[in-house]
Structure formats: C-alpha cells, structure tokens
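**Q** no FASTA, just this:
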Ligand SMILES: C[S@@+](CC[C@H](N)C(=O)[O-])C[C@H]1O[C@@H](n2cnc3c(N)ncnc32)[C@H](O)[C@@H]1O
Ligand SMILES: [Zn+2]
C-alpha cells in the first residue's frame, strides 16, 4: 500500500495515498484499502474535546481504521491507563501499528478482531463506535462492555432511514416507524437514541445523552451508561414515546402511543413516527464543560466551527421541544411572507435557533404564539 503522511490535530499519521485509488479522477475514502475521511475531522476534533473532559481510564476505539481517532485521544485529550484499538481489516492493523510507533505510543493494545466479539470480552469506560453507516450492529456489544458511568460514543451516517426517507430500512435497523417530517433532522437522532435505550434495557442498563449533534451528513452521540433494571424501566416509561406532526397545520407533539390521533388544533389525522427518545438531548453541565475545555484546543483546524456549534447547542438546549421548521410551517398555513428568523425569535422572547436546521427554531412557547409571531 502506498502511503501518504498527513497531520491531523497534534498527530502525524500515515493514510493510504488517495492518488493511488482514483477512479475516473475521483476519490472516495471507501475505495482505499484502509479508510480515512478528512470530512470527519470535525467529528474527531469534537470527540477529542469530549474525551479531554471525560478522562476515561480505558478507551476503546473499536472500529479504528488508521487508528487516528484513538491516537488523537491519547496524545491530545488524555493519557488513559489503557488504549485499545481494533479493526477487523488486517491492512488497517498494519497501519495502526505503524501510526502508533510513529507517534511514540508503545503501550496501546491492538486487536484484529470482529468488534462485537471483542466488546463482549472486555470492560471499558469509553467505547467509540464509528462505523460505515449504521451503528446498530454494535449497540448491544458496546453497551455490554461499558461500566456504570462510562461513555458510549456513536457515529451514524445512515441518515436516510433515520430521517424517514428509507422507511423499511428504519424499521429493520431501528425497529421504528418513520416518515419524512418537517423536523426529521432531530427526529432521526431521537430514533437512534430510542433504539439504544431499548437495546441497553435488554442488558438491564440504560443511557442518558450528554452531548449529541447533527453535522454535515452524520449524527454523533455521547451517552452516559448506567446500570439497573429499574433505571432502564424508568427511562423507557418517561422518555420513550412517539411523535406526531399534523400534515395540515404543522402542529407537532410527543405522543404516548402510535394509535390514530387527530390534531388537537385542526382535527386532521396526524402522521406518527417512533418509538423515539423524547428527553433532553444535551446535559447542560456537560456542554458548559465542553465550552470551557474547547478554549484549550486553539490549534485544531475547526476551532471556530466547534465554538459556534457548542454555543448554539448550549442555547437551544434550554428548550425541550422538537424544533419547528418555520418555512414549512408558513407554507402549510399559507402565510405568504416568512418573517426573518431573528424577528420570530425576538417576537417569541424565549426561543433559540437550532443547529439542526437554519430555518428552524426551538421554543417551549405554545403553537398559537409561534403562529402569531409568524404572521406578525
Ligand atoms: C468508518 S471506518 C472507521 C474510521 C475511524 N474510526 C476514523 O475516525 O477514521 C470503519 C472501520 O470499521 C471496520 N469494521 C467494519 N466492521 C467491523 C467489525 N465487525 N469489526 C471490526 N472492525 C470492523 C472497517 O474495517 C473500517 O476500518
Ligand atoms: Zn392540525
């Protein structure tokens, strides 16, 4: 394999030389023998900050590819007692070993295993699942390996099922009914968390979101894992719900079940999706710690973008309801001229923009008040 040296964060690593794997002059990271995607630097930068706050004892980068993620955690976030890097691809293992050596890390453990079988054999307090597409095949094994108060980190790039475009795929992978809704960007992340809560419950464990976000073409979740059948039951009872949107007037609400429901505002039958997680997506103390920690990472190439996202998420986390997409709402209600988002926010007083959608707002104000502000 012809290699190329690159710098990401504070580490220098070798990746397969993209020029060797061009097809018709184009390159896709999946065409190289070992996967490295520069579009995921933002994801890794944010994860480095998270790990610097969490300071886990045992870090597992279960789907490592080049090893860049785990190596960055060790060099930039925190020197954990143990660092475990794993990939089922033997070519990846050669590269991981080379990259560890190049960054003077001697103490890491490297496995060439199927991640699921490895995860059932080990215990850790931070497990990173960064797969091709869906993390669903790794949920049960990763949660099983994480001790009480440990962190599960998941990336999901399969937005099509999660956002309701591929309905059958969503049924198959996430056991949830889904349709394309106005707020599908947020619904998708809630369906994913709902699935993880149900899988964790099988093991008498549960998860609570600390920090979760949508960016570019993926979701990223950091969940705190807790143990106990009663806690698992409580989380399911309190936070596993359905969600309905009225196709006529755009009113939306969480629902206890997926029985036929008429819109309380206009009487039209609502479109219902779920089951999904209805609780907070962000822990306010955790986001405060991330904002504080971020100041130390002045060298990362995404410094400004990370700051913007963290501040926006901190703002929107004050509101528990799913965002309203104003252009969709205005078009449903035939409001001819959409006021600026800034004007709507000012009119509502307690409301925020959302990172999920530039046309969306989050507020806990009543539907009628939102409409009044849209019309004013
Ligand atoms: C998206 S890449 C990981 C990228 C890496 N985490 C990063 O940040 O650059 C997914 C990796 O998972 C590996 N993989 C897929 N299925 C696996 C399995 N069942 N067990 C172990 N590794 C697996 C692939 O070989 C690939 O290297
Ligand atoms: Zn309605």
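**A** Cool, got the structure. Everything numeric in this text was worked out from a predicted model, so none of it was measured. Numbering: from 1, shown residues only. Ligands and ions are numbered 1, 2, ... in the order given.
**Q** Distance of the residue of the stretch 51-200 of the chain found nearest ligand 2 relative to residue 293?
**A** Per C-beta to the ion, residue 182 is where the stretch 51-200 of the chain lies closest to ligand 2, at 12.4 Å. From N, CA and C alone the C-beta is placed, and that goes for glycine too. For residue 182, the distance to residue 293 (C-beta to C-beta, to the nearest Å) stands at 34 Å.
**Q** If we go by neighbour counts, what in the helix or strand hosting residue 314 is buried?
**A** Using DSSP states H and E, residue 314 sits in helix 303-316. Neighbour-count burial for helix 303-316, counted by 16 or more other C-beta atoms under 10 Å, picks out 306, 309, 310, 312, 313, 314, 315, 316.
**Q** With stretch 211-231 instead?
**A** Neighbour-count burial for stretch 211-231, counted by 16+ other C-beta under 10 Å, picks out 211-214, 218-227, 231.
**Q** Go through those residues and say which is closest to ligand 1.
**A** Checking these against ligand 1 with C-beta to the nearest ligand atom, the nearest one is residue 218 at 10.2 Å.
**Q** Can you report how many residues lie near the nearest residue to that closest one once chain neighbours are set aside?
**A** Nearest non-adjacent residue to residue 218, counting by C-beta to C-beta, 6 or more residues apart in numbering: residue 157, 4.4 Å away. Using other C-beta atoms under 10 Å, residue 157 has 20 other residues around it.
**Q** So residue 157 sits against residue 215, correct?
**A** No - between residue 157 and residue 215 there is no contact under C-beta atoms under 8 Å: 10.8 Å.
**Q** Now do the helix holding residue 314, average pLDDT.
**A** In this model, helix 303-316 has a mean pLDDT of 98.
**Q** after it comes which helix or strand?
**A** Next element after helix 303-316 (DSSP H and E): strand 324-325.
**Q** Show me what from the stretch 101-250 of the chain comes close to ligand 1.
**A** 114, 115, 130, 131, 132 (C-beta under 6 Å from any ligand atom).
**Q** wait, what's in contact with the first one?
**A** So that's residue 114. residue 88 (C-beta atoms under 8 Å, 6 or more residues apart in numbering).
**Q** same question, the third one
**A** If a contact means C-beta under 8 Å, 6+ apart, then residue 130 has 40, 43, 61, 63, 69, 153, 154, 155 as its contacts.
**Q** and the chain, what are its domains?
**A** Residue ranges for each domain of the chain read 3-237, 284-375, as given by automatic domain parsing.
**Q** Need the distance between the two termini of stretch 116-127.
**A** One end of stretch 116-127 to the other measures 12 Å (C-alpha to C-alpha, to the nearest Å).
**Q** And stretch 101-115, by the same measure?
**A** End-to-end distance of stretch 101-115 (C-alpha to C-alpha): 23 Å.
**Q** Going by neighbour count, which residues in it are buried?
**A** Result for stretch 101-115 [16+ other C-beta under 10 Å]: buried residues 103, 105, 108, 110, 111, 115.
**Q** Filter the residues you listed down to the ones in helices?
**A** Mapping the buried residues of stretch 101-115 onto helices (DSSP state H) picks out residue 115.
**Q** Could you confirm residue 207 falls within a strand?
**A** Yes - the assignment for residue 207, made by DSSP: H, G, I helix; E, B strand; the rest coil, places it in a strand.
**Q** Spit out the contact partners of it.
**A** Residue 207 is in contact with 143, 152, 193, 196, 197, 200, 223, 224, 225, 226, 235, counting by C-beta under 8 Å, 6+ apart.
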